[in-house]
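Colleague: pasting the sequence and the predicted model now:
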Amino acid sequence: MDLTLARIQHGAWERPNRLPITEWARQQIILPDAYAKSGPLDLRPSPWLIPPLEALMDHHVQKVNSLKGLQTGGSLVGEIYALYRIVEYPAPIMWNFQTEAIRDKAWRTRLGPLFRTAPCIKDIMPTDRQALSHDIISLPGCDVLIQGGGHNESNLQTLSIQVQINDEVWQWDPGLLYQAEGRTDAFGSAKKIYNISQGNERDSDWDVVFNEGVVHELVVRCPDCTKTHPLIWSQRLADGSWAGVVWENKKYLDGRPDIATAQATVHYRCPLCGHHHPANDAAMKKLISTCSYSTEYPSAAYHAMELPERVVGNPPGVPYIKSYHWNSLVTVPLPELVKEWLTADAMHKLGDITLKKQFLQKKLAVYYTDTMTEQVAELQLSGYQMGEGYAGETDRLMSIDCQEGIGDDTPHFWVDVRGWIAGSGSSGLIWAGRVELEDDLVEMQRTHGVPAKYVVADGRNKTAQVAAMCGRHGWVMLMGDDRESFPHQIRKGRRKETVQKPFSKVQKYDVMKGKGPARYVNYLLWSNPTIKDMLHRVRHGNGVLWELPMDVPDWYRDQLDSEQRKKIRKGSRWGHRWEPKVRSNPNNHIWDCECMQFARALMAGLLPFDVLAYDEPAPEPTPAESKQLERKTKKDLQVDDRQLMMVVDD
């Protein structure tokens with residue numbers, strides 16, 4: 001008799017397994033080397049994973065949602081449950097990843113090694129290529145379909161599925177999560193759905209699906225007051241002190257955060273009694289070992305900087321759907337988290353919320369809203385007049401918005417001249433207004449003493465004419481782009497690393513367009529969403545000093561506030577774009593000019609944006625290193641101004 005058939009027949013007469021899922025996993029699963037902790041699976045050091053896993057085992061629960069911090073083991077829950085169902089209660093299983101590429105990587109690095117080595121399943125795993133692939137695994141009693149469904153609607157139009165695991169649904173295209181879950185409807189109350197993801201935007205599909213169920217918030221018990229509270233990042237107490245993750249907030253003379261001191265002093269403080277817990281591994285593991293889940297904090301996933309409201313009584317949500325929320329404090333060392341937070345906060349003060357938003361969504365696992373990073377302030381007016389110099393300025397920039405003229409209006413230009421203080425990023429408006437002729441622009445440049453390399457013109461419309469004008473005067477052409485960032489390669493030692501910046505590398509535009517010998521003008525793209533986000537925040541006082549003269553005209557104020565940030569869908573995620581408040585007459589020319597000022601200042605290194613090296617003062621380089629650093633600084637860390645001025649003739 002075929003050995004495999006004999007095993008199946010023998011297994012059909014075995015008594016049903018009654019072991020608790022944690023004990024079953026310990027006996028039946030050995031994690032391969034691809035996992036952070038290999039060897040026999042023991043969930044006792046990760047107590048926050050046990051309740052979601054037990055909920056999947058509950059016959060009364062149809063769906064479990066896990067909103068979790070990065071690298072906290074949430075995917076492991078789905079892997080354990082899938083193995084359990086394959087071995088103990090076979091059923092057709094669908095495993096959906098964001099894309100086919102991510103599916104392939106997951107199979108290569110996690111699922112494949114796990115399925116081939118787990119004692120509970122390796123004996124029934126097929127060996128022929130037709131029955132075993134990263135698309136589908138044909139097993140006795142069930143098939144496991146593994147696919148990228150987050151961006152592919154056709155992948156979700158399949159036969160009915162009883163067990164479904166949906167991974168990182170925050171990246172899925174709108175509406176596809178609902179379509180995926182619809183594949184299980186034929187099984188009624190016997191279906192099992194496990195959704196897992198980091199945080200997303202508020203009101204996204206993931207937000208709605210998560211809050212359909214009864215929300216279970218991770219809480220820990222303070223050994224001093226013996227009360228439980230959500231494991232929070234920070235909370236301002238009534239006496240003005242902070243609770244949650246706290247540290248000594250020292251700064252260098254130039255205002256940069258002293259990350260080394262923060263990492264050395266960070267600890268966790270109970271928000272109820274003020275008890276201090278050391279940041280060492282033993283103390284934090286002891287605190288985490290007391291964790292459990294509470295249904296008294298249904299809105300915790302919307303709170304990043306405060307203790308969520310406690311609601312006593314019957315929790316909202318559908319009883320047969322359970323949702324679990326925990327953040328990265330359960331696994332990531334506090335010094336590592338505080339370094340990431342301070343870096344993100346320094347970027348936020350420069351006007352860029354990208355890192356802070358990622359921290360909130362990925363590490364704190366919350367549903368992001370603009371109010372989490374928005375701080376409204378009055379327009380900053382300083383004690384100087386329009387046309388006067390800006391105290392302490394080291395460089396001047398001039399930005400030009402080119403207009404064709406609407407109706408009877410003639411072609412013209414809007415100009416903005418601003419003084420900048422290199423390094424600190426502080427700036428002050430010198431002059432702004434309308435100019436009629438190109439010759440007037442040249443005179444304006446001469447009057448205000450702006451170097452040609454620091455004169456930029458918007459080339460998004462009438463590109464050929466603007467490029468020709470820039471070529472005549474040695475100016476730089478800029479064009480806004482909807483991408484959030486652009487890849488740049490920088491050299492670190494002998495290695496090259498790719499980093500993202502809110503502007504592109506230098507591009508070449510042929511002014512002649514094939515009508516003669518090529519004449520190239522340099523231009524760069526700048527990120528519309530990122531630069532406008534940064535400018536919006538510094539305009540509201542959240543970041544570097546961005547000043548205006550006391551007699552700034554009303555029309556300048558109106559144009560500066562002429563656009564608004566609108567929330568939109570961007571593929572699998574919520575995104576945003578900036579739109580004119582009045583579409584029929586945008587009148588946003590000065591806003592565009594100030595955006596180009598910001599972009600050019602970043603390109604030139606006048607406005608710093610890379611704060612990852614702010615851990616501690618850098619050591620003094622050797623003479624040989626000094627020469628090497630001097631050669632590579634402009635080349636690798638900022639745009640070479642000489643290259644910006646280059647016009648190449650072929």
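Modeller: Looks like it arrived, so ask away.

Colleague: residue 496: which element?
Modeller: With elements taken from DSSP states H and E, the one containing residue 496 is strand 495-501.

Colleague: and that strand, what's buried?
Modeller: Within strand 495-501, the residues scored as buried using 16 or more other C-beta atoms under 10 Å are residue 501. Quick note: C-beta positions are derived from backbone N, CA and C, even for glycine.

Colleague: ok so residue 268 is a strand residue?
Modeller: Yes - counting by DSSP: H, G, I helix; E, B strand; the rest coil, residue 268 is found in a strand.

Colleague: quick one, what contacts it?
Modeller: When contacts are counted by C-beta atoms under 8 Å, 6 or more residues apart in numbering, residue 268 is found next to 244-246, 276-277, 279, 284, 287, 329, 334.

Colleague: and these, which two are furthest apart?
Modeller: Put simply, by C-beta to C-beta the two of the contacts of residue 268 set farthest apart are 276 and 329, 15.4 Å from each other.

Colleague: more neighbours: which of the two?
Modeller: residue 329 (24 against 13; other C-beta atoms under 10 Å).

Colleague: ok so, going back, rank the contacts of residue 268 by pLDDT and give me only the lowest.
Modeller: Looking at the contacts of residue 268 by pLDDT, the weakest one is residue 279, with 84.

Colleague: what about it, how many residues close to it?
Modeller: For residue 279, the count of nearby residues is 21 (other C-beta under 10 Å).

Colleague: roughly how far does the nearest residue to it once chain neighbours are set aside sit from residue 328?
Modeller: Nearest-residue entry for residue 279: residue 334, 4.2 Å, with adjacent residues in sequence omitted and distances by C-beta to C-beta, 6 or more residues apart in numbering. Relative to residue 328, residue 334 is positioned 10 Å away (criterion: C-beta to C-beta, to the nearest Å).

Colleague: neighbours of the residue nearest to residue 279, how many?
Modeller: Using other C-beta under 10 Å as the criterion, residue 334 is surrounded by 23 other residues.

Colleague: cool, and residue 177?
Modeller: As a burial measure, residue 177 scores 26 neighbours (other C-beta under 10 Å).

Colleague: now it: phi and psi?
Modeller: The phi/psi pair for residue 177 (degrees, to the nearest 10) reads phi -60, psi -40.

Colleague: show me the contacts for it.
Modeller: Shown here is residue 177, whose contacts under the criterion C-beta under 8 Å, 6+ apart are 166, 169, 195, 205-206, 209.

Colleague: touching, residue 139 and residue 123? I think so.
Modeller: No - taking contacts as C-beta atoms under 8 Å, residue 139 lies outside contact range of residue 123: 10.9 Å.

Colleague: and the two? Which one has more around it.
Modeller: The residue with more neighbours, out of residue 139 and residue 123, is residue 139; 19 against 10, by other C-beta under 10 Å.

Colleague: so who does that one touch?
Modeller: 86, 90, 121, 124-126.

Colleague: now the helix or strand where residue 441 lies: average pLDDT?
Modeller: Applying DSSP H and E as the criterion places residue 441 in helix 438-448. Across helix 438-448, the average pLDDT comes to 95.

Colleague: list the buried residues for it?
Modeller: Buried positions in helix 438-448, judged by neighbour count with 16+ other C-beta under 10 Å: 438, 441-442, 444-445, 448.

Colleague: again, but for stretch 222-241
Modeller: Of the residues in stretch 222-241, those with enough neighbours to count as buried (16+ other C-beta under 10 Å) are 222, 228-235.

Colleague: biggest separation within those, which pair?
Modeller: For the buried residues of stretch 222-241, the farthest-apart pair by C-beta to C-beta is 228 and 234; their separation is 18.2 Å.

Colleague: ok, and the closest non-adjacent residue to residue 56?
Modeller: For residue 56, the nearest residue in space outside its immediate sequence neighbours is residue 81; the separation is 4.8 Å by C-beta to C-beta, 6+ apart.

Colleague: give me phi/psi at that neighbour?
Modeller: Backbone phi and psi, for residue 81 under degrees, to the nearest 10, turn out to be phi -70, psi -40.

Colleague: now do it against residue 64, distance only.
Modeller: Separation of residue 81 from residue 64 (C-beta to C-beta) stands at 9 Å.

Colleague: need the residues touching each of the two.
Modeller: Contact with both residue 81 and residue 64 is made by residues 56, 192, 194, according to C-beta under 8 Å, 6+ apart.

Colleague: between the residues you listed, which is nearest residue 175?
Modeller: residue 194 (19.6 Å).

Colleague: ok, that closest one touching residue 78?
Modeller: Yes - here residue 194 reaches residue 78: they are 5.1 Å apart, a contact under C-beta under 8 Å.

Colleague: any residues in contact with both of those two?
Modeller: Where contact means C-beta under 8 Å, 6+ apart, the residues bridging residue 194 and residue 78 through contact with each are residue 165.
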